[in-house]
Structures are given as structure tokens and as C-alpha cells.
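# quick one, what's the 3D model for this:
(one chain, ligands or ions: 3)
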Amino acid sequence: MYNVVFVLGPPGSGKGTICAQIQENLGYVHLSAGDLLRAEREREGSQFGALIEGHIKNGSIVPVEITCSLLENAMIANKEANGFLVDGFPRNEDNLSGWKKQMGGKVNEQFVLFLSCPVDVCIDRCLHRGQGRTDDNVESLKKRVETYNQQTFPIIEQYEKHGMVREVNSQRPISEVYQDVVEVFSAANQK
Ligand SMILES: Nc1ncnc2c1ncn2[C@@H]1O[C@H](COP(=O)(O)OP(=O)(O)O)[C@@H](O)[C@H]1O
Ligand SMILES: Nc1ccn([C@H]2C[C@H](O)[C@@H](COP(=O)(O)OP(=O)(O)O)O2)c(=O)n1
Ligand SMILES: [Mg+2]
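Ligands and ions are numbered 1, 2, ... in the order given. Here you go, the predicted model:
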């Protein structure tokens, strides 16, 4: 059974930044749904490139069959990992139900790391991220934040009802955020 930690929060809340540090220090493998989709978009011969780019620019969510298969393939390719940081997933009901259907019974969901940060701070970070992303512009960001508020936050609330959410305030220096995140992982892995 694969250990899985979901990492959620608004665009720009620091999910990728924190996951990279956890991967380096705790042996979890970082799987960013967004990175996997961008790689699939670029892959020669992919039938999904245009569809993925449409969703990315529009801030909407790619159908789960595509995203979940990318995640599962990446997990199979990293069997030796202590666990997986599934970053930016599940982002809506379709993601959640598709994941349960495809991965239910194959994974141990440890907890949901929720990086909370005010939206205006997050937008500002994305606008200065400097990764040349086609969706780090004011127009796409407006739509991504709307998608987050309308579709992703309710998923976090569902997990919250099951006592699975560990919230860390990410409107602080990265080192402080990281310290709190490490404590969350320590507590979870002591059990
Ligand atoms: N705690 C923080 N304080 C200030 N800037 C941050 C912090 N965490 C991340 N950043 C910066 O904000 C931008 C978005 O971070 P990123 O990890 O890509 O977020 P996400 O994956 O949630 O969209 C990056 O430029 C990153 O360097
Ligand atoms: N589960 C997911 C994750 C991302 N996507 C698409 C739509 C998202 O706006 C983009 C970018 O996601 P990504 O996680 O890289 O974005 P942030 O790190 O939150 O800024 O990818 C998706 O369709 N389904
Ligand atoms: Mg990211």
C-alpha cells in the first residue's frame, strides 16, 4: 500500500515549494498534478495536449481519468518511496470520485496538508513566480481562484469532517512554514 499525503491550498500558497523540501528531507516522492499535466501537454504524441492547455489557461480542472492515470503511473515508477506527496489533487468532486474508483484500496491516505494563505498574497506570488507559465497572468489567476473557492475548498471541507486536515498558515517565511509542516509529518508517522 502506498502512503499518500494530499497537499492542497490556493494557487501560490507554496505547495510545490514545501513539497520539494519534504521530498529532499523525508523520503516522500513529490507528485505535482500540475507538473504531470504540463509534462503530458508537452509529450510528443499525446492526444491530450490541447485539452490540457485549454483547462490550464482557463483555470478549470482536467478530467480525472487523465490526471489520475498520470499520478498512478508515477507512483508505480517510484515503488521504493516512503510515500507520495500528491500536490494539487483532488481539486474537485470529479477528481475525488475518480481517485476513489481508481486508487481506493491501493493507497493509505495519511492526511491532507492544507496550506492556507490569503488569496491576494497568493496571486501576487504567482505573478512573480517567474516560471513562464501560461496561467500566471491576472486573467487566468482570477479563474483559478474562483475554481479554488467553488470546487477545491469544499473538498478540503469534506476531508476536514473526517478529521484528516492539517492546516498550516503559509503566509509566513518558508522556513517557518516548513518547520510546522515537519511537525505534522512527525506526528503522523509516530502513530
Ligand atoms: N512562504 C512563502 N513566502 C513567500 N514566498 C513563497 C512562500 N512559499 C512559496 N513562495 C513563492 O511563491 C511562489 C509560488 O509558490 P509555489 O510553491 O509554486 O506555490 P503553489 O505550488 O502552491 O502554486 C513561488 O515563486 C515561491 O517561491
Ligand atoms: N488536479 C489537477 C491539478 C491541476 N490541474 C490543472 C489546472 C490548474 O489550474 C493547473 C495548474 O495546477 P498547479 O497545481 O500546477 O497550480 P498551482 O501550483 O496551484 O499554482 O493544472 C488540473 O486540471 N487538475
Ligand atoms: Mg504548484
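
# contacts, neighbours, all on C-alpha from now
Noted.

# touching the longest helix along the chain from outside, list them.
In the chain, with assignment by DSSP state H, the single longest helix is helix 174-190. Here helix 174-190 makes contact (Cα atoms under 8 Å, 6 or more residues apart in numbering) with Ile18, Gln21, Ile22, Gln110, Phe111, Arg166, Val168, Asn169, Ser170.

# and what of stretch 91-109?
Residues outside stretch 91-109 that contact it (Cα under 8 Å, 6+ apart): 1-6, 8, 61, 63-65, 68, 72, 89-90, 148, 151-152, 154-155.

# what subset of these is buried?
Neighbour counting by 16 or more other Cα atoms under 10 Å classes 2-6, 8, 61, 64, 68, 72, 89-90, 148, 151-152, 155 among the contacts of stretch 91-109 as buried.

# looking at those, which one is closest to ligand 2?
Nearest to ligand 2 among the buried ones among the contacts of stretch 91-109, counting by Cα to the nearest ligand atom, is Ile61 at 3.4 Å.

# next, the buried residues of the longest helix of the chain.
Across helix 174-190, burial judged by 16+ other Cα under 10 Å covers Val177, Tyr178, Val181, Val182, Val184, Phe185.

# any idea how far ligand 1 is from the fourth one?
The one in question is Val182. According to Cα to the nearest ligand atom, to the nearest Å, Val182 and ligand 1 sit 14 Å apart.

# how much space between Gln21 and ligand 1?
Using Cα to the nearest ligand atom, Gln21 is found at 10 Å from ligand 1.

# same deal with Asp135?
For Asp135, the distance to ligand 1 (Cα to the nearest ligand atom) stands at 11 Å.

# quick check: mean pLDDT across stretch 177-184?
Mean per-residue pLDDT for stretch 177-184: 98.

# on that earlier part again, ligand 2 next: which of the buried residues of helix 174-190 are close?
The overlap between the buried residues of helix 174-190 and the neighbours of ligand 2 (Cα under 6 Å from any ligand atom) is empty.
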